[in-house]
Each structure stands twice: as structure tokens, then as C-alpha cells.
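Colleague: need a structure here:
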Amino acid sequence: QVQLVESGGGLVQAGGSLRLSCAASGRAFGAYTMGWFRQAPGKEREFVAAIRRSGDSTYYADTVQGRFTISRDNAKNTVFLQMNSLKPEDTAVYYCAGKYGYYSDYDKQYTYWGQGTQVTVSS
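Modeller: Sure thing, here's the model as predicted:
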């Protein structure tokens, strides 16, 4: 069992930056592929980024490629999402998620979820 707690959300102006963190409790954090998803009001939850267990491979949605960076520190049981050049359309609740096995951009394949953190980008 893994518990995930996100932090770092907030209100930022367009063009600004935020860094989200997701702290994991429980064993074997290093065994999980970790992902970030987001859900805007009235929209379905969508994939943002994922990182393999060792951190050697990362994956991004086209909408955030080049602006967001996912990373992890297995010694500290934490995964990060650095968000730069933020746009109003990035406004959403951001969720951290974990799964065994390979990378996936399909949220139903993720087993563990955090409670989410709100990111609001003003124009």
C-alpha cells in the first residue's frame, strides 16, 4: 500500500513557474512508475507526464512537452513536476499516481492516487 500526498500548487500568472511535489509513504516507492495527471473543470482527467522506476525515462503529453519536467528522488520517496511557461489552459487539479510495471498514459492503469493539488494560471 502506498499513500501519495501532493503539494506545491497555487495561483500563478501566465508565463510563471510552479514545482509540484508528491511524497509517497509505504514501501517500495522505487518499484513504481509514477505519473502526473490533471483534471480541469468540466473535462476528463488527462495524462501529463510519467517517469520510470529508475528515473531514466520520462514521457510527456504533447501539450506540456518542453515546458514541464518530471523527476524523482527514490531516496526521498518523492516525485516532482517542474512546470515552466505556464498557460491559463494549464489550470487544473493535478494528481500524482503510481503503478507497477511499465509506463502508461491511461489513468485506469494507475493503482495509487493522491488527493490532488490545485494549479490556477491567470492571464
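Colleague: Correct me if wrong: Thr33 contacts Asp105.
Modeller: No. Contact criterion C-beta atoms under 8 Å: Thr33 and Asp105 do not qualify, at 10.9 Å. To be clear about C-beta, it is placed using only N, CA and C from the backbone, and glycine gets the same treatment.
Colleague: list residues touching both of the two?
Modeller: Residues touching both Thr33 and Asp105 by C-beta atoms under 8 Å, 6 or more residues apart in numbering: Ala50.
Colleague: what about those two, which has more around it?
Modeller: Per other C-beta atoms under 10 Å, whichever of Thr33 and Asp105 has more neighbours is Thr33, with 21 against 15.
Colleague: quick one: the more buried one is in a strand?
Modeller: Yes. Under DSSP: H, G, I helix; E, B strand; the rest coil, Thr33 sits within a strand.
Colleague: give the contact list for it.
Modeller: Applying C-beta under 8 Å, 6+ apart, the residues near Thr33 are 50-53, 98-104.
Colleague: Now, of these, which are buried?
Modeller: 50-51, 53, 98-99, 103-104 (16 or more other C-beta atoms under 10 Å).
Colleague: Farthest-apart pair in the residues you listed, please.
Modeller: Spanning the widest gap among those are Arg53 and Ser104, at 13.1 Å by C-beta to C-beta.
Colleague: rewinding a little: and the contacts of Thr33 as CSV, adding pLDDT, secondary structure and distance to Tyr110?
Modeller: Listed next are those as CSV, based on pLDDT from 0 to 100; DSSP: H, G, I helix; E, B strand; the rest coil; distance: C-beta to C-beta, whole Å:
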residue, pLDDT, secondary structure, distance to Tyr110
Ala50, 98, strand, 9
Ile51, 97, strand, 13
Arg52, 96, coil, 14
Arg53, 93, coil, 14
Gly98, 96, strand, 6
Lys99, 95, strand, 5
Tyr100, 92, strand, 10
Gly101, 89, coil, 10
Tyr102, 91, coil, 12
Tyr103, 90, coil, 11
Ser104, 94, coil, 7
